[in-house]
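[1] Predicted structure and sequence below. I'll ask about it afterward.
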There are 2 protein chains.
Amino acid sequence: MKGYKNILVAVELNSKTDAEPLKHAEFFAKEFGADVVLVHAVEHIGSYGAYGIGVGFEIEEILIENSNKEMKKLGETIGIPEDKRIVKTGPAKFVILEEADKINADLIIVGSHGRHGIRVILGSTANAVLHGAKCDVLAVRLKE
Amino acid sequence: MKGYKNILVAVELNSKTDAEPLKHAEFFAKEFGADVVLVHAVEHIGSYGAYGIGVGFEIEEILIENSNKEMKKLGETIGIPEDKRIVKTGPAKFVILEEADKINADLIIVGSHGRHGIRVILGSTANAVLHGAKCDVLAVRLKE
């Protein structure tokens, strides 16, 4: 095994669900001297039914702003520099795969939710990422 | 990260496609002192259109016999004892998830094929496993 050099971690900016995926990234980073990039996708509000003209965009802007703040906090806490923290709008799958391509990721780490609950309705990000990824994918099972 | 203790590796009994997933298993086995169990599913022939009465079963028996031989060879080569080599008939997804449950696997390693080619028609085993797994899944991207 050659080991990983460029790891992309998809974060939800939720300390509970991000903890395990981040621990795994830390392990590989230490083990192989890999670079770690964090990515968070802010899904378009329109798809969740905010139909008032302008309302969706306003909410989206607030979400992006909050995500940027949370990402900054997270990055500073675990020592990931600013240029390795990415917040983008778009469906999680596409954002993750696009950023993986950009950094030439050899491993994507993504939290994997159970089959029950809202994730099933929204579609499983882990599955979607795995389907399109050109590199290894480690899906870290999150506790329900 | 606590590390893995019980690793299930889904093998295709094809030296080309099994090499990378097995290297990853070896890495974790050394790193964490994990047990490694190999599993191979022989898919039911019936589903692929052998409709002659009895023919499907005969082919299936030959496939099982060959798989057992190949599994023995593989196990002996990489030092996996007989009780940790499993050949079962059934859809790969179910066989893998069932055996993972039995050994209380904390990691399933499975080769992940590209989105093109026959695997798309048959359905991606890696995706199917990820969808049903109760533990972490490492999908190792195989070269096309």
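    Good, I have the coordinates.
[2] For the helix ranked longest in chain A, what is the distance to the chain centroid?
    Criterion DSSP state H: the longest helix present in chain A is helix A:55-78. A distance of 13 Å separates the centroid of the chain from that of helix A:55-78, by Cα atoms, centre = their mean, to the nearest Å.
[3] Now that helix: buried residues?
    Neighbour counts over helix A:55-78 (16 or more other Cβ atoms under 10 Å in any protein chain shown) mark A:G56, A:E60, A:L63, A:S67, A:E70, A:M71, A:L74, A:G75 as buried. Backbone N, C-alpha and C define where each C-beta goes, glycine included.
[4] Let me know the angle separating the helix or strand just after it from helix A:55-78.
    Sequence-wise, the next helix or strand downstream of helix A:55-78 (DSSP states H and E) is strand A:85-89. Counting by axes from the mean of the first three to the mean of the last three Cα atoms, to 10 degrees, strand A:85-89 lies at 170 degrees to helix A:55-78.
[5] residue contacts, the residue nearest to A:K72 when sequence neighbours are not counted?
    Nearest residue to A:K72, sequence neighbours excluded (Cβ to Cβ, 6 or more residues apart in numbering or on different chains): A:R85, at 7.2 Å. By Cβ atoms under 8 Å, 6 or more residues apart in numbering or on different chains, the contact set of A:R85 is A:V37, A:L38, A:M71, A:K72, A:L74, A:G75.
[6] Residues in a beta bridge with A:R85, which ones?
    A:L38 (DSSP bridges).
[7] re earlier: how about the CA coordinates for the longest helix of chain A, as PDB?
    Extracted in PDB, the C-alpha atoms of helix A:55-78 (Å, rounded to 0.1, in the frame of the first residue of the first chain):
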ATOM      1  CA  VAL A  55     -36.000  34.700   0.200                       C
ATOM      2  CA  GLY A  56     -34.100  31.600  -0.900                       C
ATOM      3  CA  PHE A  57     -31.000  33.700  -1.800                       C
ATOM      4  CA  GLU A  58     -31.100  35.600   1.500                       C
ATOM      5  CA  ILE A  59     -31.300  32.300   3.500                       C
ATOM      6  CA  GLU A  60     -28.500  30.900   1.300                       C
ATOM      7  CA  GLU A  61     -26.300  33.900   2.100                       C
ATOM      8  CA  ILE A  62     -26.900  33.500   5.800                       C
ATOM      9  CA  LEU A  63     -26.100  29.800   5.600                       C
ATOM     10  CA  ILE A  64     -22.900  30.500   3.600                       C
ATOM     11  CA  GLU A  65     -21.900  33.100   6.100                       C
ATOM     12  CA  ASN A  66     -22.600  30.800   9.100                       C
ATOM     13  CA  SER A  67     -20.700  27.900   7.300                       C
ATOM     14  CA  ASN A  68     -17.700  30.100   6.700                       C
ATOM     15  CA  LYS A  69     -17.600  31.100  10.400                       C
ATOM     16  CA  GLU A  70     -18.000  27.500  11.500                       C
ATOM     17  CA  MET A  71     -15.400  26.300   9.000                       C
ATOM     18  CA  LYS A  72     -12.900  28.900  10.300                       C
ATOM     19  CA  LYS A  73     -13.500  27.800  13.900                       C
ATOM     20  CA  LEU A  74     -13.100  24.200  13.000                       C
ATOM     21  CA  GLY A  75     -10.000  24.800  10.900                       C
ATOM     22  CA  GLU A  76      -8.400  26.800  13.600                       C
ATOM     23  CA  THR A  77      -9.200  24.200  16.200                       C
ATOM     24  CA  ILE A  78      -7.700  21.300  14.400                       C
END
